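Visitor: With the sequence up front, the predicted model follows.
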Amino acid sequence: MARIPALPPKLFRTRNSQRDANTDLDRLMRVRRTIAAAIEDATRERLGLQQRLDAYHAQAASLLDNSGEYAERRSEDEQSIREAEDNAALATKRIGQIDTQIARLGDMLTELDRTLGGGTA
C-alpha cells in the first residue's frame, strides 16, 4: 500500500471564518430569494384564478337570473351554466392546491429565517 505523504504545516491554510460565514449567508440568501419569488408567483396565480372564479360565478348567476325558470331554459343556457359551474369547481380546486403550496413555502421561509436569524448560517 502506498504511503500518503504528509503536507508540511505551512502548505495547509484554513479560510478566514468571516469569509466562511459570508459564503454561507450568500448561499442561504439565494435560497431565500428563490422561495420568496415562488410565493409571489403562487400568490399572483391565486389572485388571477380568484378573479376568474368570481367571473364564473357572476356568469352563472346572470344566466340563471335571465334565463327564466328551469323548464323554460334553452339547452344552450343550461350548457353555459354547467360550463361556468364546472370551471368554478376546477378553479376552486386549484386555489386550494395553491393555498397549500403557499403555506408550505411560507413554512420553509420561516424555518430559513430562523436559521438566518439564529446565526447558524
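Guide: Happy to help now that I have it.
Visitor: need the longest helix for this protein.
Guide: Counting residues, the longest helix in the chain under DSSP state H turns out to be helix 17-66.
Visitor: helices or strands up against that one?
Guide: Applying 3 or more C-beta pairs under 8 Å, 6 or more residues apart in numbering; DSSP states H and E, one finds that helix 17-66 contacts helix 75-117. (Each C-beta comes from the backbone N, C-alpha and C, glycine too.)
Visitor: number of nearby residues for the nearest residue to residue 50 once chain neighbours are set aside?
Guide: Distance criterion C-beta to C-beta, 6 or more residues apart in numbering; nearest residue to residue 50, sequence neighbours excluded, is residue 95 at 6.4 Å. Using other C-beta atoms under 10 Å as the criterion, residue 95 is surrounded by 17 other residues.
Visitor: so where is this structure shaky, pLDDT-wise?
Guide: Under the criterion of pLDDT under 70, the regions of the chain flagged as low confidence span 1-2, 5-13, 68, 70-71, 118-121.
Visitor: number of nearby residues for the spatially closest residue to residue 31 that is not a sequence neighbour?
Guide: By the measure of C-beta to C-beta, 6+ apart, the closest residue to residue 31 outside its immediate chain neighbours is residue 112, 6.4 Å from it. Neighbouring residues of residue 112 were enumerated by other C-beta under 10 Å; the total is 17.
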